[in-house]
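Engineer: Sequence first, then the predicted structure:
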Amino acid sequence: MHQCQKGFTLIELMIVVAILGILAAVAIPILHGNVAKTQVSRVVGELGNYRTAFEAGLQNNSPINNDTLGYTPSELTVGGMADQIATVNPDGSGHIEVTMGGNVQTGLAGIVIRFERTARGAWSCVIDPAASSGWKTSYKLANCTVN
């Protein structure tokens, strides 16, 4: 009487593990890149929300500071309420900016995200990655320029 054994051979299991390793080697860097771009996008979005309060302060001749902007420090940026994010010039130009840090992905710390306002009221987004070690051009957002 011949017994038939059922199961996988060692070689079949090794092939499956090798395939999973190759898939992980490809997928993990893609995932990290997507997380990094999402974090940059989130900081740009959070900072962009303060433009309305900035404009209201200019229109009302009110002081523009963290309190009047309604600024809440993000877990993805460094600094706190004592670090003013807005600068206003006498001609109405100025900017609001934050520096990425805190709970950002490795390599993104030090990136400066800035919204610049011209005297005519036009806003532009600027990303300055000079102080970061992990910036990749794939993290650039369509509506921002990179210095």
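Structural biologist: The structure has been received and is ready for your questions.
Engineer: Which secondary structure state is assigned to Val17?
Structural biologist: helix (DSSP: H, G, I helix; E, B strand; the rest coil).
Engineer: How about the contacts made by it?
Structural biologist: Neighbour list for Val17: empty [criterion: Cβ atoms under 8 Å, 6 or more residues apart in numbering]. Where C-beta positions appear, they are placed from N, C-alpha and C, glycine not excepted.
Engineer: From Lys136, how far off is Gly7?
Structural biologist: Going from Gly7 to Lys136 by Cβ to Cβ, to the nearest Å gives 45 Å.
Engineer: Mind checking which of these two has more residues around it?
Structural biologist: Remark: of Gly7 and Lys136, Lys136 carries more neighbours, 12 against 6, as counted by other Cβ atoms under 10 Å.
Engineer: my read: the more buried one touches Gly33, true?
Structural biologist: Yes - the pair Lys136 and Gly33 passes the contact test of Cβ atoms under 8 Å, sitting 6.9 Å apart.
Engineer: Low-confidence ranges, the chain, go.
Structural biologist: Filtered on pLDDT under 70, the chain yields the residue ranges 1.
Engineer: What are the phi and psi values at the residue most central in space within it?
Structural biologist: When Cα atoms, centre = their mean is applied to the chain, the residue found nearest the centroid is Val40 (1.5 Å). With angles defined as degrees, to the nearest 10, Val40 sits at phi -60, psi -40.
Engineer: quick one, phi/psi of the closest residue to it other than its chain neighbours?
Structural biologist: Spatial nearest neighbour of Val40, excluding adjacent residues (Cβ to Cβ, 6 or more residues apart in numbering): Tyr139 at 5.1 Å. Torsion angles at Tyr139 (phi, psi; degrees, to the nearest 10) stand at phi -80, psi -10.
Engineer: pretty sure Tyr139 contacts Ala36?
Structural biologist: Yes - contact criterion Cβ under 8 Å: Tyr139 and Ala36 qualify, at 5.5 Å.
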